[in-house]
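Peer 1: Predicted model and sequence follow; I will ask about them next.
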Amino acid sequence: MSFLEVTKQLANGFGVTVVIFLITLVVSLPLGLVITFGSMSKILPVKWITKTFVWIIRGTPLMLQIILIFYGPGLLFKMQALPRLTAVLIAFIINYSCYFSEIYRGGIESIPKGQYEAGQVLGMTKTQIFFKIVLFQVIKRIVPPMGNEIITLVKDTSLARVIAVTELVKAAEDIVSMKMIIWPLFYIGAFYLVFSALLTVLLNYVEKKMNYYSG
Amino acid sequence: MKKLIALIMGAVMCLGLCGCNSNGSDGNSASGNNTDWNYIKNKGEAIIGITYYEPMNYLDENGELTGFETEFTKAVCEKLGVTPKFQVIDWKKKEIELKSKTIDLIWNGLTVTDERRENMAFSTTYLKNRQVVIIKKDNAEKYTDTKSMAGASVAFEAGSAGEDAANADDTLKDCKQIGCDAQKDAVLEVKAGTAEIGIVDYTLARSAVDSDDFSDLMILESVQLMDEDYAVGVRLEDTETLAKINQAIDELAKDGTLLDLAKKYGVDDIYAL
């Protein structure tokens, strides 16, 4: 199998990796904020239910969550299983939303009280204060830890292969077992490296832009 | 604020889209009287659990699925009047896949074992394969029979017939055993020198030692391990499905189609019907 053929086949797997990455990111970023509001809620039941949920999701392996979401319906309730990729996406979105939510919470709680008070003096409502004053300062502060999670997400996508979703690692393993050639297994490292390099550049850019909001 | 709402809406729609492409046709009606063969017949397709490996189920130059099992499955399904839908699975989870109905049949050089009989029913045996020992060519003088392998590391696919074969041998069962994720990983272990002995099935070992990357490995023909029967795996309760498959296999064997297929993919030396 030539270099070009292997690259072509790996590109298909890489496509799946990118899809998992992008959809998880786009959905988890706002969903994480919703969970943050839940765990910072003044209504105690909401607060504790959210905190318990975050504890369960952060306290169990993502791999187990993927397996449960895919095989659970059929094994436990005799229901039709979700399509494989959908099951993976649901597991990733829930998992990453929980991690993001805790980063958001840390960011929000780090904003000094004076910022809120200044908003009140100017006669702004609570919502206005949050979205016009607090949010962008929070975003500025959480870019480095979020960068960590986002780059971890790139590599976590390889967990999708536990339910036989052909992402990049599985695509390479398939070539190894079909064609009995070994090098594709090492070659995929380059895909991940280039991908995370692009993200690092992007994150650095965002961080620079956000310097405007340093408070 | 508006942007944020737009973002959330976009995300929700994304989720909605993912949910929509599920095959929502008659999945929920699977319970009740609609079990066994009717379940598959009403769907119009049988989901076949496979893994990629030559010469059973693999992708050709154009990326099309082909192989002995692929063509065999298609021929049987044609007789049954259903479309086969091939689904690559994680081999270790084949029992779970079958039970949770994410696949309907396992058709991928599946070895009949007593343990597996508790979880699935088997069709007629159509190939008689065997487990073989692979070693590095450099070790050809060191390892001549299983007794000489005492103290070596033995790699096989966890839960496979290779593991059974290792445990059935007096010497190998006391060796340091390495249960790999897949048969190809057992071959990789031997190649990388992290295990001295690999136990895999003959068809896979053959295609490995014939390839360039693994040409430094060899099959140790002097060691005889267990024979194994290849059959189709069916859900235990799907007795009607099993009967239909057996009848179709029988017909394909009688008219010579199956033997022709075996010759085409070079497995006629282990043909069993």
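Peer 2: All right, it came through fine. Please read these numbers as outputs of a predicted model, since none were measured by experiment.
Peer 1: show me where pLDDT drops low in chain B?
Peer 2: By pLDDT under 70, the weakly predicted segments of chain B are B:1-35.
Peer 1: show me where it has strands.
Peer 2: Assigned by DSSP state E, the strands in chain B fall at B:45-50, B:58-59, B:65-66, B:83-88, B:105-111, B:120-122, B:127-136, B:153-157, B:176-180, B:197-201, B:217-219, B:227-235.
Peer 1: could you check whether the helix or strand hosting residue A:186 is close to chain B?
Peer 2: Using DSSP states H and E, residue A:186 sits in helix A:184-210. No: using Cβ under 8 Å from any Cβ of the partner chain, we find that helix A:184-210 stays clear of chain B, coming within 8.5 Å at best. For glycine as for every other residue, the C-beta is placed from the backbone atoms N, C-alpha and C.
Peer 1: what does stretch A:96-108 give?
Peer 2: No: Stretch A:96-108 does not reach chain B (Cβ under 8 Å from any Cβ); its nearest approach is 10.3 Å.
Peer 1: who does the helix holding residue A:186 touch, helix- and strand-wise?
Peer 2: Here helix A:184-210 touches helix A:3-39, helix A:135-156, helix A:168-179, going by 3 or more Cβ pairs under 8 Å, 6 or more residues apart in numbering or on different chains; DSSP states H and E.
Peer 1: Deepest-packed of these, please.
Peer 2: helix A:168-179 (a mean of 23; mean count of other Cβ atoms under 10 Å in any protein chain shown).
Peer 1: model confidence over it, on average?
Peer 2: For helix A:168-179, mean pLDDT rounds to 90.
Peer 1: Give me the contact list for it.
Peer 2: A:1, A:6, A:9-10, A:12-14, A:16-17, A:157-158, A:160-161, A:164, A:166, A:181-182, A:184-185, A:187-188, A:191-192, B:51-54, B:58-59, B:88, B:182-184, B:188, B:211 (Cβ atoms under 8 Å, 6 or more residues apart in numbering or on different chains).
Peer 1: List the buried residues in the host helix or strand of residue A:87.
Peer 2: Applying DSSP H and E as the criterion places residue A:87 in helix A:84-109. For helix A:84-109, the neighbour count (16 or more other Cβ atoms under 10 Å in any protein chain shown) marks A:84-105, A:107-108 as buried.
Peer 1: Could you tell me the angle between it and strand B:83-88?
Peer 2: Helix A:84-109 and strand B:83-88 meet at an angle of 40 degrees, taking axes from the mean of the first three to the mean of the last three Cα atoms, to 10 degrees as the criterion.
Peer 1: continuing past helix A:84-109, what's the next helix or strand?
Peer 2: That would be, after helix A:84-109 and using DSSP H and E, helix A:113-121.
Peer 1: average pLDDT for the helix or strand following that next one?
Peer 2: Toward the C-terminal end, the helix or strand that comes next after helix A:113-121 (DSSP H and E) is helix A:126-128. Here helix A:126-128 scores 91 as its mean pLDDT.
Peer 1: returning to that earlier point: tell me which of the strands of chain B sits most buried.
Peer 2: strand B:197-201 (a mean of 29).
Peer 1: can you pull out the helices in chain B?
Peer 2: Applying DSSP state H to chain B gives helices spanning B:2-20, B:36-43, B:68-80, B:94-99, B:114-117, B:161-168, B:183-192, B:202-209, B:239-254, B:257-264.
Peer 1: and the nearest residue to residue B:251 once chain neighbours are set aside, what does it touch?
Peer 2: Of all residues not flanking residue B:251 in the chain, residue B:79 sits nearest, at 6.6 Å (Cβ to Cβ, 6 or more residues apart in numbering or on different chains). Taking Cβ under 8 Å, 6+ apart, we find residue B:79 in contact with B:248, B:251, B:252.
Peer 1: The closest residue to chain A within the stretch 51-200 of chain B: neighbouring residues, count only.
Peer 2: For the stretch 51-200 of chain B and chain A, the shortest gap (Cβ to the nearest Cβ) falls at residue B:100, measuring 2.8 Å. The number of residues packed near residue B:100 is 20, by other Cβ atoms under 10 Å in any protein chain shown.
Peer 1: Now do the phi/psi pair for it.
Peer 2: Backbone torsions of residue B:100, given as degrees, to the nearest 10, read phi -80, psi 10.
Peer 1: Brilliant, that's me finished.
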